[in-house]
Structure formats: structure tokens, C-alpha cells
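[1] got a predicted structure here, sequence first:
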Amino acid sequence: MAKNTRSVNFTLNGQKRSFETRPDEKLLTLLRREGYRGTKYGCGQGTCGACTVLVDGRATYACLLYAMQAEGREVRTIESAGTFDDPSEFQKQLVAAGAVQCGYCIPGMVMSATALMETETVLEDEIVKEYMDGNLCRCTGYEKIWVALRKTLDKRAAEGGKPAKKTAKGARK
């Protein structure tokens, strides 16, 4: 790393980590440099959602957050949501619904849905739409993604699913 670097310490996917970063480096750049390639670079302006990660449980655009702003916080990327061999329920439903075409938007969609499911107890359509609003998809037309998400939420509700924790109201930071 070049001159003028500083250390930033935060919990990444459940593990305390330390990284060297420049004061002007965005969290997205740091994550991808460190091998977390599931978090995608899309617009770089916080409008497409491809870079969505969870910061302290809240969906956040990693392209807008400076890496130094993650100091002392909990950051979760798509790599924490499931694996190829053990996908999350929403990931399974996305595949079953045929909602994964190019797949570029899917990590952000999964992370926004994760924030929703871990935060909200009432999953009415308006609340779900608020959480998913910051994610764009150019391939599917959203219908299949919506079907997959509703099936996931309905299954979770039938199983008595409760949020993992209650965070500040609002879908995106």
C-alpha cells in the first residue's frame, strides 16, 4: 500500500480484522482488494445497490462509505449469507424462481433482504419494498425476485421467524 495509509479495525463477517487503507479509500475498494469479490462495483454513486453490505445490521452502499468509517463496526458481506453448498433460504428461492440471470445484482439483493429479515417483524409489502428499493436489476424485471422474496418471507413467518435484532428504523443508510 502507498504512503499515507492508516489502520482500520472492524469485524468482518464475524471476525475481528485489521486493514491498511488510505483516508480516501471506499469500503467497497478495500473489500474487493482483500478478496471479498461478491460485493460488486456498479454505479459508484449509491444508486444501484450492487455494493450493498450490512454495517451494524443496516443495508449500506459500500461505494459511498469510506473504509475508515467502518472503524469499530460490524460489516457483513454476501460471503456471510450462504455458500454454494449451503445457500440461504432466499438464495434457494431466487434460484427456484429463475430470478438469477446475469447475477450481478443478486449479492446486493440478498444483503438488503437479510437486513429486512433481521430487523422487521411486520413484513407488509410496503416495508419490504422500502428495504429492496435501493437495488436495481436490469435483467429480470423484478417479478421473479419479488416472488422469491415473498416465498422466503412467507416460509419464515410460517416457521415463526423473528428478527435477529431490532435496529434503527429505515432500510438503507
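    Thanks, I have it.
[2] mind listing the strands for this structure?
    In the chain, the strands defined using DSSP state E lie at 6-12, 15-21, 52-55, 58-61, 74-76.
[3] which one of these lies closest to Ala97?
    strand 52-55 (19.9 Å; CB to CB). In short, each C-beta sits where N, CA and C put it, glycine included.
[4] now Asn135, nearest residue through space, not along the chain?
    Nearest residue to Asn135, sequence neighbours excluded (CB to CB, 6 or more residues apart in numbering): Gly49, at 3.4 Å.
[5] just to revisit the earlier point, let me have the strands of the chain in CSV, adding mean neighbour count, distance to Phe84 and mean pLDDT as columns.
    Listed next are the strands of the chain as CSV, based on neighbours: other CB atoms under 10 Å; distance: least, CB to CB, whole Å; pLDDT from 0 to 100:
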stretch, mean neighbour count, distance to Phe84, mean pLDDT
strand 6-12, 17, 20, 98
strand 15-21, 13, 20, 98
strand 52-55, 27, 20, 98
strand 58-61, 24, 23, 97
strand 74-76, 20, 18, 98
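[6] let me have the ones you listed in CSV, extended by distance to Ile106.
    Output for the strands of the chain, formatted as CSV (distance: least, CB to CB, whole Å):
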stretch, distance to Ile106
strand 6-12, 20
strand 15-21, 24
strand 52-55, 11
strand 58-61, 14
strand 74-76, 16
